[in-house]
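this one's structure only:
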């Protein structure tokens, strides 16, 4: 493997640039000693004390040259040369300091010593890098730095209250999160040198461009200054007991339960949490001798389909029994799939709980690293014991659910901030799901719902009737959601493809460019080939086509090709090309069927498009022409 690495110092950290055999360049930090995978990546080649690459490991990094940067006022000069002796001596010293402490630190729990147990997410470091112990996820410099933090916190002894030492141990795990071989270097020019969280995508993904924060930057993530602690604040404090137990067997009658259940294919917290746990496993035992400090991942409800549903019902049925008659449960739930919501409906209903209220809150931020269909909102479901005696058939629920969805959407729109929207389309979709659950779980008995069949349903089976009802709720929400200032009667008269395109413009004007949002919008309108309407399909750059990108394509056939909006986009295109709105008017008068009877609707569509001149700037010329064309048509006497 030919590797070219240059060095750049930023805030005390040393960066290296490598070039692989395929010509791909990657950035990394402090990687003089880095263990790489073997041919047999599933083997267990390394003892727990290994800190250096093995002689026969593949794809070693080699540090070949060094970049020294000096800046003048007008130009940046770069000089390349081999690393000097001082660089090599520093790396040798780091390794010697670590090796002198390694065994003792593992015994005392200052650095991890556990083996990585295979799992859905923990398999990846083993498979891709042959990292078989948790400390393999750190290079020597990182282990030395993080270990010194842990040792200092633990050795504070009785000089500080236990609360401060506990908080500081959490700070140690935060340092490990930003100082490991999974910590990705931010690749944006505006954030040069920033090292991101190892778990910023909720997985254990080994990366080529991993980073290592210098101690001056680890202070930003440690988050707690022990010197600011006043021990007197903790005097005579009383605390309630904290118990750990399986939800299906816990015995504790209470008034309020707060739960964040697994969502079938969601994040494997029961596995990736071990990344943190084994940094403070032993100190935690000293702080709380009665606590369980093992992973206990085997107790997590995981998987999907039959076993998942039955385990969830066992848990929530017991929580229902342990809830006082006037008590309340709050369930946090995040998923966009109607089938998963149908499962949740069966689980909560069969557990004896009734969803009485719901609200959506923003819990995630948009990130360029979150490619694909990610949900930014979480629904808080409020449940009470189901005391109803009502019996219903599934088809009787449909009109009630539609009314509930409409009421939910209207309540959200009433408090919406028009300048800075609080809710995205995904939020309205989740709210529609929650509204459906309020009706479904409000009955004591649903005559044509076979619970056993629903619990035993597999992916190969036909769609659940509950799933169809919940999908209909989503479609109802989409149907009553129209772009701001759009004519309601006109909206009802246009095709699903035209609605999709106009909503796509509305998305773009509000900075909503996630691929998942456009995908869900297509589902709402029942459009399969929606990508032909998109000018970009990149994860966080998705948008509908411009008039110029359409040009004269997609002008024949059914659907969008035959729509009024498609003709308008072509008229705008030819008018912009000729810099004359008359060209667009002449096209519409000669080519658009029933032009005169449709003229008022055409003008309304053009006026709506003109609204985006300043909010969708890359198309400002097209939208400006839409305004001019609307004016020409309004004054056209034939």
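Sure, I can see it. For clarity, every value in this text was computed on a predicted model and none was experimentally measured.

what sits against residue 330?
Residue 330 is in contact with 256-259, 380-383, counting by Cβ atoms under 8 Å, 6 or more residues apart in numbering. Where C-beta positions appear, they are placed from N, C-alpha and C, glycine not excepted.

just the element for residue 361, please.
Under the criterion of DSSP states H and E, residue 361 resides in strand 353-362.

pull out the buried residues from that strand.
353-355, 358-360 (16 or more other Cβ atoms under 10 Å).

just checking: what are the partner strands of that strand?
Strand 353-362 has the following sheet partners, assigned by DSSP bridges: strand 377-385 (antiparallel).

which helix or strand contains residue 103?
helix 85-108.

tell me which element residue 275 is part of?
helix 274-277.

I'd like the average pLDDT over that helix.
On average, the pLDDT along helix 274-277 is 91.

next one: stretch 103-116
Stretch 103-116 comes out with an average pLDDT of 91.

for stretch 393-410, same thing?
Rounded mean pLDDT across stretch 393-410 is 91.

begin at 39, not 1, for the rest of this chat.
Done: numbering now begins at 39, and the last item shifts to stretch 431-448.

now it: buried residues?
For stretch 431-448, by 16+ other Cβ under 10 Å, it's 435-436, 438-440, 442-444, 446-447.

distance from that stretch to the middle of the chain?
A distance of 30 Å separates the centroid of the chain from that of stretch 431-448, by Cα atoms, centre = their mean, to the nearest Å.

and the contacts of it?
So stretch 431-448 is contacted by 396, 466, 469-470, 472-474, 476-478, 481, 484-487, 503-504, 507, 510-511, 514-515, 518-519 (Cβ under 8 Å, 6+ apart).

just the buried residues from these, in PyMOL please.
Selecting the buried subset of the contacts of stretch 431-448 in PyMOL, with 16+ other Cβ under 10 Å as the burial test, is done by:
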select buried, resi 396+466+469+470+472+473+474+476+477+478+481+484+487+503+504+507+510+511+514+515+518+519
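
which ones among the contacts of stretch 431-448 lie within strands?
Among these, the residues falling in strands (DSSP state E) are 396, 484.

so of the contacts of stretch 431-448, which ones are in helices?
Counting by DSSP state H, the contacts of stretch 431-448 place 466, 469-470, 472-474, 476-478, 503-504, 507, 510-511, 514-515, 518 in helices.

nearest to residue 577 among the buried residues of strand 391-400?
Residue 577 lies nearest to residue 398 out of the buried residues of strand 391-400, by Cβ to Cβ, at 22.3 Å.

surely that closest one touches residue 453?
No: with contacts counted by Cβ atoms under 8 Å, residue 398 stays clear of residue 453, the gap being 12.0 Å.

now the common contact residues for those two.
With Cβ under 8 Å, 6+ apart, residue 398 and residue 453 have no common neighbours.

so where's the stretch 539-676 of the chain shaky on pLDDT?
675-676 (pLDDT under 70).

could you redo the last one with a cut-off of 80?
Residues of the stretch 539-676 of the chain meeting the criterion pLDDT under 80: 554, 558, 562, 577-578, 675-676.

all helices for it, in order.
Secondary structure of the stretch 539-676 of the chain (DSSP state H, counting those that start in this stretch): helices at 553-563, 585-588, 602-616, 619-629, 633-648, 658-672.

returning to what we had before: I'd like the buried residues of stretch 431-448 as TSV, with secondary structure appended.
Formatted as TSV, the buried residues of stretch 431-448 follow (DSSP: H, G, I helix; E, B strand; the rest coil):
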residue	secondary structure
435	helix
436	helix
438	helix
439	helix
440	helix
442	helix
443	helix
444	helix
446	helix
447	helix
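
burial of residue 498, as a residue count?
Using other Cβ atoms under 10 Å, residue 498 has 5 other residues around it.

likewise residue 638?
Neighbours of residue 638 under the rule other Cβ under 10 Å: 13.

ok, back up a step: closest to residue 307 among the buried residues of stretch 431-448?
Nearest to residue 307, judged by Cβ to Cβ, of those is residue 446 at 29.4 Å.

before we move on, the earlier item: following element in sequence after the helix holding residue 141, please.
Moving toward the C-terminus from helix 123-146, the next helix or strand (DSSP H and E) is helix 161-167.

could you list the buried residues of that next one?
In helix 161-167, counting by 16+ other Cβ under 10 Å, buried: 162-164, 167.

run the chain-centre distance for that helix.
22 Å.

do the same with stretch 646-660
For stretch 646-660, the distance to the chain centre is 30 Å (Cα atoms, centre = their mean).

cool, stretch 617-636 as well?
So, by Cα atoms, centre = their mean, the centroid of stretch 617-636 is 46 Å from its chain's centroid.

likewise for stretch 514-525?
27 Å.

stretch 520-534: end-to-end distance?
Using Cα to Cα, to the nearest Å, the end-to-end distance of stretch 520-534 comes out at 12 Å.

contacts for that stretch?
Applying Cβ under 8 Å, 6+ apart, the contact partners of stretch 520-534 are 456, 537, 540-541, 543-544, 563-565, 597-598, 601-603, 639, 642-643, 646, 649.

one more pass at 10 Å, please.
The contact list for stretch 520-534 (Cβ atoms under 10 Å, 6 or more residues apart in numbering) reads 451, 454, 456, 459, 516-519, 536-537, 539-541, 543-545, 547-548, 560, 562-565, 568, 596-598, 600-604, 638-639, 642-643, 645-646, 649.

just stretch 664-675 next, same as before
585, 606-607, 609-610, 613-614, 618-624, 626-627, 633-634, 637-638, 640-651, 657.
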